[in-house]
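Novice: Okay, here's the prediction I keep looking at, along with the sequence it came from:
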Amino acid sequence: MVDFSLSTEEREVRDWVRTFVQRELMPLEPEVLRRERRGEPGLPAEELTALQLKAKESGFWGVQTPEEYGGMGLSAVLTALLEAELGKTFVPFRFGGQADNILYYANEEQKERYLLPTISGERKSCFAITEPGAGSDAKAIRTSARKDGADWIINGEKTFITGGNEADFVMVFAVTDPAKGADGGVTCFLVDRDLGWKSEPIDTMGEWGPASLVFSDVRVPETQILGELGQGFTLAMQWIGRGRYLLPARAIGSCERLISMAIEYANTRETFGAPIATRQAIQWLIADSGVELEALRWLVLHAAWQVDSGMDSRHAQSVAKLYGGQKANEIVDRVLQIHGGMGYTRELPIERWYRELRLLRIYEGTDEIQRRTIARNLLKGHVKVSGVLG
Ligand SMILES: Cc1cc2nc3c(=O)[nH]c(=O)nc-3n(C[C@H](O)[C@H](O)[C@H](O)COP(=O)(O)OP(=O)(O)OC[C@H]3O[C@@H](n4cnc5c(N)ncnc54)[C@H](O)[C@@H]3O)c2cc1C
């Protein structure tokens, strides 16, 4: 039997977050916009922490962190539902108590120094694989790590690193054996900022920016290898694949809010003596957006369900990411169009979402790379055109 309903517990958790977003986050929106327009962070770090601690009082801490590490260990489906709720506001909030999935590969000593303080919020990490000459083609990275006695000397440049300017340590991927390359010759190192790497923020069309990182003869002890020597590329792919469904999950909430704004505006804005909602041209924009949002919701939940079921969910996640990136951008464009000149102003947050949602088509695998994966899976018969039901 296919069951699309939520359990009582899932509904309660989802509803708690819905209320949190309405009561604690949405009231901050005007101030977030004012700050961003002054070029300041919309939600300063101390305010984010205060909100995270408030959520923690009600048990919302480490949404996907295993319970043995003090987290909630929620399912992928429930996490997707929570992301969708958070996406209803542009206030840049995320729950505290999370650490990168690959940090769980740390040995006991590394766990004490990196994993646990990251979960508790004392330390900030960043993940660095992309380079100026290697984005989609991550196997082309050139950053090198050369053995020198008991240490490794890292040289190279990373770019577009989320949190790279704020992080106090980086999980950096470097070539340790050029002959093997990505196939056994790339290693991940945990490198504290005080070992000497430098960062520079990158200005973007969004309200937050990643950073470029420079490693110039950065000496790193052998003990800083995360996982095994030469196995870094596998770790990198695990990090990237950790929750691709969560990016379009957040977009579900944004699209819900945007379409609601469009409906309200269409019902009240009058031209030629009648609300624009009475015009078929506007109705079709609303109809297409509603259908696509519904399809996106089920693609995301289906991918999350595959994760929870222990299936190989990579194809379903690529499908949800590609569709979400494309459709969220089409929807925000239609909503902007429905608002006419007002949509183009900074009085409304639509243009902000327009800029923010654009990123969804680029990071963690561009549209083209998702299509490449999807096509390869279909052409080589890795997945069936008939889907999981056969
Ligand atoms: C805001 C932001 C945050 C990011 N955060 C991180 C981070 O934390 N850590 C990190 O390591 N990286 C991060 N990235 C990097 C991101 O993953 C890359 O930008 C992305 O993978 C694309 O790589 P690229 O920019 O080099 O584009 P390229 O790979 O140069 O691609 C350029 C264009 O060519 C297309 N293309 C490439 N190859 C093919 C192909 N085979 N067939 C068809 N079309 C192709 C692409 O789809 C794209 O349209 C971030 C990027 C941004 C913008």
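Specialist: Cool, the structure landed.

Novice: May I see the buried residues of stretch 24-33?
Specialist: Residues of stretch 24-33 classed as buried by neighbour count (16 or more other Cβ atoms under 10 Å): 24, 25, 28, 32, 33. Every C-beta, even on glycine, is put in place using the N, C-alpha and C of the backbone.

Novice: Tell me the confidence at the residue of the stretch 101-250 of the chain found nearest the ligand?
Specialist: When scored by Cβ to the nearest ligand atom, the stretch 101-250 of the chain has residue 135 as its residue closest to the ligand, at 1.8 Å. If you check residue 135, the pLDDT there is 97.

Novice: ok, now residue 10?
Specialist: In this model, residue 10 carries a pLDDT of 93.

Novice: Then residue 243?
Specialist: So, for residue 243, pLDDT stands at 87.

Novice: which secondary structure element contains it?
Specialist: Counting by DSSP states H and E, there is no helix or strand that carries residue 243.

Novice: list the contacts for it?
Specialist: Taking Cβ atoms under 8 Å, 6 or more residues apart in numbering, we find residue 243 in contact with 64, 76, 79, 307.

Novice: State the distance from the second one to residue 311.
Specialist: From residue 76 across to residue 311, the span is 11 Å (Cβ to Cβ, to the nearest Å).

Novice: what about the two, which has more around it?
Specialist: Neighbour count, other Cβ atoms under 10 Å: between residue 76 and residue 311, residue 76 has more, with 23 against 13.

Novice: From residue 171, how far out is that one?
Specialist: In terms of Cβ to Cβ, residue 76 sits 23 Å off from residue 171.

Novice: any idea how far the nearest residue to residue 139 once chain neighbours are set aside lies from residue 138?
Specialist: Spatially, and ignoring its direct neighbours in sequence, residue 139 is nearest to residue 182 (4.0 Å; Cβ to Cβ, 6 or more residues apart in numbering). Counting by Cβ to Cβ, the gap from residue 182 to residue 138 is 8 Å.

Novice: Between these two, which contacts overlap?
Specialist: residue 233.

Novice: Could you tell me which residues of the stretch 251-390 of the chain lie near the ligand?
Specialist: 359, 362, 363, 364, 366, 368, 369, 372 (Cβ under 6 Å from any ligand atom).

Novice: So which of those wins on neighbours?
Specialist: residue 364 (20 neighbours).

Novice: what's the closest non-adjacent residue to the residue of the stretch 101-250 of the chain closest to the ligand?
Specialist: Distances taken as Cβ to Cβ, 6+ apart put residue 160 closest to residue 135, at 7.5 Å, once the chain neighbours are dropped.

Novice: three-state assignment of the one you found?
Specialist: Three-state assignment for residue 160 (DSSP: H, G, I helix; E, B strand; the rest coil): strand.

Novice: For it, give me its contacts.
Specialist: 130, 135, 202, 210, 212, 363 are the contacts of residue 160 under Cβ under 8 Å, 6+ apart.

Novice: most neighbours, which of these?
Specialist: Neighbour max across the contacts of residue 160 (other Cβ under 10 Å) = residue 210, 22 neighbours.

Novice: Just give the nearest non-adjacent residue to it, would you?
Specialist: residue 160 (4.6 Å).

Novice: re the thing from before, filter the buried residues of stretch 24-33 down to just the ones in helices.
Specialist: Where the buried residues of stretch 24-33 overlap with helices, as defined by DSSP state H, the overlap consists of 32, 33.

Novice: quick check, nearest of the buried residues of stretch 24-33 to residue 267?
Specialist: residue 33 (24.3 Å; Cβ to Cβ).

Novice: Contact partners for that closest one?
Specialist: So residue 33 contacts 42, 346, 349, 352 (Cβ under 8 Å, 6+ apart).

Novice: now the strands for the stretch 51-200 of the chain?
Specialist: In the stretch 51-200 of the chain, the segments counted as strands under DSSP state E, counting those that start in this stretch are 125-128, 144-148, 151-161, 169-175, 186-192, 198-201.

Novice: Nearest to residue 69, out of those strands?
Specialist: Among these, the nearest to residue 69 by Cβ to Cβ is strand 125-128 (14.9 Å).

Novice: Would you indicate which residues of the closest one are buried?
Specialist: 125, 126, 127, 128.

Novice: How much space separates the residue nearest to residue 135 from residue 389?
Specialist: With Cβ to Cβ as the criterion, residue 160 and residue 389 are 38 Å apart.

Novice: do residue 291 as well
Specialist: In terms of Cβ to Cβ, residue 291 sits 21 Å off from residue 389.

Novice: Neighbour count for these two, which is higher?
Specialist: Neighbour count, other Cβ under 10 Å: between residue 291 and residue 389, residue 291 has more, with 11 against 6.

Novice: and residue 292, how many neighbours?
Specialist: Number of residues near residue 292 (other Cβ under 10 Å) recorded here: 20.

Novice: Let me see the domain layout of this structure.
Specialist: 8-99, 108-112+120-239, 242-379 (automatic domain parsing).

Novice: and residue 1, which of these is closest to it?
Specialist: domain 242-379 (13.7 Å).

Novice: Contact residues of the stretch 101-250 of the chain facing the ligand?
Specialist: 127, 128, 129, 130, 135, 136, 160, 161, 162, 204, 210.

Novice: on that earlier part again, among the contacts of residue 160, which one lies nearest to residue 101?
Specialist: The closest of these, once distances to residue 101 are taken by Cβ to Cβ, is residue 363, at 16.9 Å.

Novice: pretty sure the closest one belongs to a strand, no?
Specialist: No. If the criterion is three-state DSSP, then residue 363 is coil and not within a strand.
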